[in-house]
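J.: how would this look folded up:
(2 chains)
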Amino acid sequence: MDKDQKSSSLEVMKFFESRFGAHERILGETLGSAMGHQIDDADLYFEYTTAESLSLEEGMVKKGSRHVSQGVGARVLAGEKTGYAITEEIRPETLQEIVRTARAISLVGDGAKNALHLVPSRRESASLYPVTSAELDVPLPLKKELLLEADSAARSTDPRVVQVMASVTTEMKSVMVVRRDGLVSADRLPLIRVNVTVIAEENGQRQTGSFGYGGRIPFAEVMGEPLRHAAREAVRQAIVNLGARPCPTGTMPVVLGPGWPGILLHEAIGHGLEGDFNRKGTSAFSGRIGERVASPLCTVIDDGTLPHRRGSLNVDDEGTPTQRTVLIEKGILKGYLQDRHNARLMGVPPTGNGRRESYAHPPMPRMTNTIMLSGESDPEEIVRSLDKGLYAVNFGGGQVDITSGKFVFSTSEAYWVENGRIQYPVRGATLIGNGPDALTRVSMVGNDLRLDPGVGTCGKDGQSVPVGVGLPTIRVEDLTVGGTA
Amino acid sequence: MNDKEALDLLSFVVDCAKTSGATSADALLIVSDDSVVGVRKGEVEKIQRTRSRGMGLRVFRGHSQAIVSTSDMDRKALESLVRGAVAMAEETQPDPFSGLPGTGAAHVVPAASLGILEEPFPEISQEERIRLATETEKAAFSEDPRIQNSEGAEFQSTSVRSYLVNTDGFSGGSARSLYGLSCSVIAREDDSMERDYWYEQSHFFRHLPHPEEVGRHAGRRAISRLHPRRPKTTTCPVLFDAEVARTLISHMVGALSGYSLYRNATYLKDRENTRVASSGVTIREDPLLPGGFGSRPFDGEGVLSRPKVLVEHGILKTYLFDAYSGRKTGRSSTGNASRSLGDAPHVGVSNILVEPGTRSKDELLHDMKRGLYVTELIGFGVNQVTGDYSRGAFGFWVEDGEIQFPVSELTIAGNLDDMFQSIVEVGNDRRIRSSISSPSLLLENMRIGGNG
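T.: Have a look, this model is predicted:
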């Protein structure tokens, strides 16, 4: 693939023009009607998405589905107010209508009728995910082959596997943002995700194991070894859990393995640093820039510019280029994650974190890929340092109460450790902590930063967006472990 | 789009599927209109209007199936989508149990008897919407001077019409209206900051509780959480408030799905007619409950709905099936097909009702003597396959049968099977606030993770 960002974004603009008649004059006139001296900002967000899923169970590819989604969202901002309306019938008249509806937020009369002069983005940053539709959305027989291979790979790994479920989803999303300042920005976002879930049974006991992976990558990259690895991992997890004992309960040191356990960062600090909560003063981190919120071993960033990652974007859903934002530097809180609205109200620059699930939703400050940088400790040494505690290497989902700072995340693979030695696997347990001080208790950081395999989805205010996390092995003192023993 | 236009469009699509080579098909259309007005700190913050429609089509070629969905209603685009679906069904593998439910021809019109549709829609001006949200938030602030910040109050109105047509001659429609008031505020005192919320909803605008009531309740809830402590790690009785008791019920209902059953993915496998809860627990499903938030005349495949008992005095009476999972396990559909536009049906429920007991929550607290009263749960630590349960909790510590102080940053853990069997008493405080409704539930013992 040799297309750079510039040609690809112009291509997307042409697509919207030819499919929906969204040419510059119409857009300029439509958005021009959203001007007015009380209005601070306005934008139109065009989306056209196609997604295809195929799934397997009992050795058969039983289900296929294809989804087409198109629409436009119009947003008008006045002070702290947001007006938002959508249409799925994309015509000049419906565009006018949604702008009028969104404009109702500003209680002054009709806006100026001056058409806006639009300036298509000429930014020449390299694309972070140059994947064509043909490379992503391959013919169905290839996807079928992938699922059948996942099935046989999982079953041949261990005879205790009684059920294999696998799925593959490819999605191509074309978006175009037209802003009141005249900027027109467009992008095409490929996304693929493969999931393998198994159920293993022994002596009447059943356990599941699951492994997913993907990113903004061509289909060819999910085939072969990555697929076999996923199948083996899912089986390994299920088998480990067949031998799991009840997890001890209470406050104890916890060692988190590298990669997906980075969900700790996402829940413990990431959400609390989103600009909207901090502008409103509702976050446990509000007004704490410059203060110590983590041990000096911790540097945490949010980086939307990592090539091919699930959480990455060339530009956010408001047309702002993504960036690498330092959230915590050596334990000191440095910055928040901003969209344009909250950045303007707080008097700071946007950070390229304005994201939305689809045209049906207004953007909000959201994370991209949230990562703790490597430290200097040897990961094995960190596990050996545990006198009595939990070593957790895989997790399911997590959640946080922004205001009190209390967050949880639940283990799917964890071990009880005594005298620096792994004793036995333990059954699923929820870990709970307090965001503003959980990271102050990080006492060791490994040199083995790993990014998650590309499966994260973050939910906020009813909107889901793909995200990533990354973590080296770390040791945290005094997390509360919700076991049954 | 009116009812006739909607059904005509669906007929066009399933006919088109047949002429394109499908042996059978069903299609679903959902048309919604949603309006939200948000007010924060006395100022309008958000006005949002979402009018949306989407279609989902499932086609069968023999026993192979494919599903497509779209928000583009252009007839040409639909034709090409249908052809794509039929082509996709040639790639998926045949499964002898797949197919329409086979319940034959029927025509169902939106029925007023369900009490879920206010007709005609009341005209509610923008000023009135803003006033309702403003008064709700104002009531929360006036509840206590320690309510110092707000995430805002919202008034929301929604109308949803859904239609289903299949090639066996079923055609039906269902419509509902919904109005809601919600409020989320923040209490602050010294270095303690706690948020809580409250909401009320109704299918009828005129039945929506007064803003004052919603706001004050949100305020009281936030205040009651100030200065929480962490309990010691222990094992003790736990009283689930009605608001969180329904999450417990939803875990059991999930474990009764016919899909979980044939996949061996439920802790309740092979438990029909055995004890799955203590004898005080009876759980019914009533899809036709007047005014119920899950009420529906037919399920996601057009199977007509009827009430049934799931658990009677602790004994499991039935699993829940759609057409596929029913056939697959040698049973038949229980009318529990749930449907979204872009996916094949799965098992879901309408209105789930836990039979209330005779004593109040306060009487249950009194009898508990010492333990945990849980009012909010967070996290996803529930494993339906093993029944393992571990979640983050907020609530109150109880000594001598009385609430002593709020608690947070703790976990509660157990196993769903043991937890349901250890329900000592069911309260009398059930309110119909969502599709799953339960009174408060007192559990004999759970493991609490906290200090030490």
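J.: quick one: the helices in the stretch 151-300 of chain A?
T.: Secondary structure of the stretch 151-300 of chain A, counting by DSSP state H, counting those that start in this stretch: helices at A:225-242, A:263-265, A:275-279.
J.: if you compare the ones you listed, which one is most tucked away?
T.: helix A:263-265 (a mean of 27; mean count of other Cβ atoms under 10 Å in any protein chain shown). Where C-beta positions appear, they are placed from N, C-alpha and C, glycine not excepted.
J.: Quick one: closest of the helices of the stretch 151-300 of chain A to B:Pro287.
T.: helix A:225-242 (36.3 Å; Cβ to Cβ).
J.: name the helices or strands packed onto that closest one?
T.: If you count contacts as 3 or more Cβ pairs under 8 Å, 6 or more residues apart in numbering or on different chains; DSSP states H and E, helix A:225-242 packs onto helix A:140-157, strand A:161-179, strand A:183-202, strand A:205-215, strand A:406-418.
J.: Including mean pLDDT, could these go into TSV?
T.: Output for those, formatted as TSV (pLDDT from 0 to 100):
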stretch	mean pLDDT
helix A:140-157	97
strand A:161-179	97
strand A:183-202	96
strand A:205-215	96
strand A:406-418	97
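J.: I'd like those as TSV, with distance to chain B appended.
T.: Shown next, in TSV, are the helices and strands packed on helix A:225-242 (distance: least, Cβ to the nearest Cβ, whole Å):
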stretch	distance to chain B
helix A:140-157	4
strand A:161-179	5
strand A:183-202	6
strand A:205-215	5
strand A:406-418	4
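J.: Could you save those as TSV and add columns showing mean neighbour count?
T.: Output for the helices and strands packed on helix A:225-242, formatted as TSV (neighbours: other Cβ atoms under 10 Å in any protein chain shown):
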stretch	mean neighbour count
helix A:140-157	19
strand A:161-179	22
strand A:183-202	22
strand A:205-215	22
strand A:406-418	25
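J.: need the contact list for A:Thr484.
T.: Neighbouring residues of A:Thr484 by Cβ atoms under 8 Å, 6 or more residues apart in numbering or on different chains: A:Pro246, A:Cys247, A:Thr249, A:Arg427, A:Ala429, B:Asp388, B:Ser390, B:Ala413, B:Gly414, B:Asn415, B:Arg447.
J.: neighbour-wise, which of those leads?
T.: Taking other Cβ atoms under 10 Å in any protein chain shown as the neighbour criterion, B:Ser390 ranks highest of the contacts of A:Thr484 with 32 neighbours.
J.: bridging residues for that one?
T.: B:Ala413 (DSSP bridges).
J.: residue in the stretch 351-485 of chain A nearest to chain B?
T.: In the stretch 351-485 of chain A, the residue that lies nearest chain B is A:Gly482 (2.5 Å; Cβ to the nearest Cβ).
J.: Was I right to think that residue contacts B:Gly414?
T.: No. At 10.0 Å, A:Gly482 does not count as touching B:Gly414 under the criterion of Cβ atoms under 8 Å.
J.: Next, show the common contact partners of the two.
T.: With Cβ under 8 Å, 6+ apart, A:Gly482 and B:Gly414 have common neighbours B:Arg447.
J.: Report how many residues lie close to B:Thr266.
T.: 24.
J.: ok, now how distant is it from B:Gly280?
T.: Separation of B:Thr266 from B:Gly280 (Cβ to Cβ, to the nearest Å) stands at 23 Å.
J.: try B:Val385
T.: In terms of Cβ to Cβ, B:Val385 sits 27 Å off from B:Gly280.
J.: quick one: which of the two has more around it?
T.: More neighbours surround B:Val385 than the other of B:Val385 and B:Gly280, with 21 against 16 (other Cβ under 10 Å).
J.: does the more buried one sit in a helix, a strand or a coil?
T.: Under the three-state scheme (DSSP: H, G, I helix; E, B strand; the rest coil), B:Val385 adopts coil.
J.: now whichever residue of chain B sits closest to chain A, nearest residue through space, not along the chain?
T.: The minimum distance from chain B to chain A, using Cβ to the nearest Cβ, falls at B:Thr411 (2.5 Å). Nearest residue to B:Thr411, sequence neighbours excluded (Cβ to Cβ, 6 or more residues apart in numbering or on different chains): A:Gly482, at 2.5 Å.
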